[in-house]
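Asks: Provide a 3D model corresponding to the input given below.
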Amino acid sequence: MLFTDDTVEALRTAVHLVNTAEEPDTLASADEFRGFLLEHPYTGKIDRDSAELETVRALRPRLRAMLIASRDEMVKGINHALHDVTFDARLVRHDDADWHLHAVADERPLAERILAETAMALIDVVRAEEGGRLSVCADEGCSAVALDLTRNRSRRYCSTACANRNAVAAYRVRRAKETTR
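Replies: Next up is the predicted model:
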């Protein structure tokens with residue numbers, strides 16, 4: 001296993017959150033926020049109001065910069081995030097998750113907890129020298145973040161849609177070359 005389950009979940013959540021900012025923005029309404037929270041459940045205080053939605057939306061550019069940064073720049077972003085978080089670290093076990101670290105108290109704002117979890121996950125990325133697992137999607141028309149957790153480091157696209165679009169385009173190019181022979 002490359003990373004622990006909580007690191008993988010934090011990375012997936014951060015990438016998903018960052019990618020909601022791509023056009024069309026998919027975190028613009030209360031319903032979309034509820035959907036995000038259902039897909040990526042958080043323990044602790046969640047207000048689910050417009051103010052909380054806006055603070056989470058405002059976090060996206062900062063997380064994006066951290067996720068796709070070079071190793072040294074990623075460290076700077078992590079350190080800045082760690083400075084901005086009020087820590088109250090403890091090991092917890094809940095739901096189906098075994099013992100893992102909650103770095104911030106449950107009553108802290110959701111955006112702060114997301115920032116802390118992302119920073120903690122990126123610490124693992126930096127320490128393992130695995131920053132190459134985070135990149136911008138290889139699709140020319142897409143600027144979403146891609147997370148590659150494959151064993152052979154083969155994931156280049158942010159989604160199945162981008163991967164399929166490029167596979168179809170490559171197929172059409174091959175077919176066109178075959179018919180001109």
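
Asks: ok, Ala28 to Leu149 distance?
Replies: Using CB to CB, to the nearest Å, we find Ala28 at a distance of 28 Å from Leu149. To be clear about C-beta, it is placed using only N, CA and C from the backbone, and glycine gets the same treatment.

Asks: can you pull out the helices in this structure?
Replies: 5-19, 30-39, 50-67, 71-84, 110-127, 160-179 (DSSP state H).

Asks: need those helices in JSON lines with mean neighbour count, can you?
Replies: Formatted as JSON lines, the helices of the chain follow (neighbours: other CB atoms under 10 Å):
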{"stretch": "helix 5-19", "mean neighbour count": "20"}
{"stretch": "helix 30-39", "mean neighbour count": "13"}
{"stretch": "helix 50-67", "mean neighbour count": "17"}
{"stretch": "helix 71-84", "mean neighbour count": "15"}
{"stretch": "helix 110-127", "mean neighbour count": "21"}
{"stretch": "helix 160-179", "mean neighbour count": "11"}
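
Asks: least confident of those, on average?
Replies: Lowest mean pLDDT of the helices of the chain: helix 160-179, a mean of 85.

Asks: name the helices or strands packed onto that helix?
Replies: Packed against helix 160-179, as judged by 3 or more CB pairs under 8 Å, 6 or more residues apart in numbering; DSSP states H and E, are no other helices or strands.

Asks: neighbouring contacts of that helix?
Replies: 137-139, 142, 144, 156-157 (CB atoms under 8 Å, 6 or more residues apart in numbering).

Asks: rebuild the helices of the chain as JSON lines, extending it with distance to Ala103.
Replies: What follows is the helices of the chain, written out as JSON lines (distance: least, CB to CB, whole Å):
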{"stretch": "helix 5-19", "distance to Ala103": "10"}
{"stretch": "helix 30-39", "distance to Ala103": "19"}
{"stretch": "helix 50-67", "distance to Ala103": "15"}
{"stretch": "helix 71-84", "distance to Ala103": "9"}
{"stretch": "helix 110-127", "distance to Ala103": "5"}
{"stretch": "helix 160-179", "distance to Ala103": "32"}
